[in-house]
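[1] need the 3D shape of this:
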Amino acid sequence: MQVRVVAFGIAKDILGANTLLVSISPESTVSDLKNFLCENYPAFNKLRSFSIALNTTYADDNAAIQATDEVVIIPPVSGG
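    Numbering: from 1, shown residues only. All right, here's what the predicted structure looks like:
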């Protein structure tokens, strides 16, 4: 299946675009997507952390991704 991934901040810089169409298997999880991103865009490995949101809610690594999900990469944030 294909999912559209939206990126912000440093994640957008790593991808070179604010959206990416990714082909993943129908049983893929957030962890699988993170592994895909790290393998295909090695700069993700250098981030302290990054999260994935599914449909405006932070998702844990075991969450299943559906073809209709809005998938967003949440880069690390710093506060002041």
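[2] now the strands: where do they sit in the protein?
    Secondary structure of the chain (DSSP state E): strands at 2-7, 19-23, 51-54, 57-59, 71-74.
[3] who's in contact with the closest residue to Val71 other than its chain neighbours?
    Nearest residue to Val71, sequence neighbours excluded (C-beta to C-beta, 6 or more residues apart in numbering): Val5, at 4.8 Å. For glycine as for every other residue, the C-beta is placed from the backbone atoms N, C-alpha and C. Applying C-beta atoms under 8 Å, 6 or more residues apart in numbering, we find Val5 in contact with Thr19, Leu20, Leu21, Val22, Leu33, Val71, Val72, Ile73.
[4] who's in contact with the nearest residue to Ile10 once chain neighbours are set aside?
    Nearest non-adjacent residue to Ile10, counting by C-beta to C-beta, 6+ apart: Pro75, 4.6 Å away. Residues counted as contacts of Pro75 (C-beta under 8 Å, 6+ apart) are Ala7, Phe8, Gly9, Ile10, Ala11, Leu47, Phe50.
[5] among these, which one sits closest to Pro26?
    Of all the contacts of Pro75, Ala7 has the smallest distance to Pro26: 22.6 Å, by C-beta to C-beta.
[6] is the closest one in a bridge, and if so with what?
    Under DSSP bridges, the beta-bridge partners of Ala7 are Ile73.
[7] pLDDT weak spots in the protein?
    Within the chain, the ranges that satisfy pLDDT under 70 run 78-80.
[8] 80 instead?
    Where the chain drops to pLDDT under 80, the residues are 77-80.
[9] show me what counts as buried in stretch 48-60.
    For stretch 48-60, a neighbour-count test (16 or more other C-beta atoms under 10 Å) marks Phe50, Ser51, Ile52, Ala53, Leu54, Ala59 as buried.
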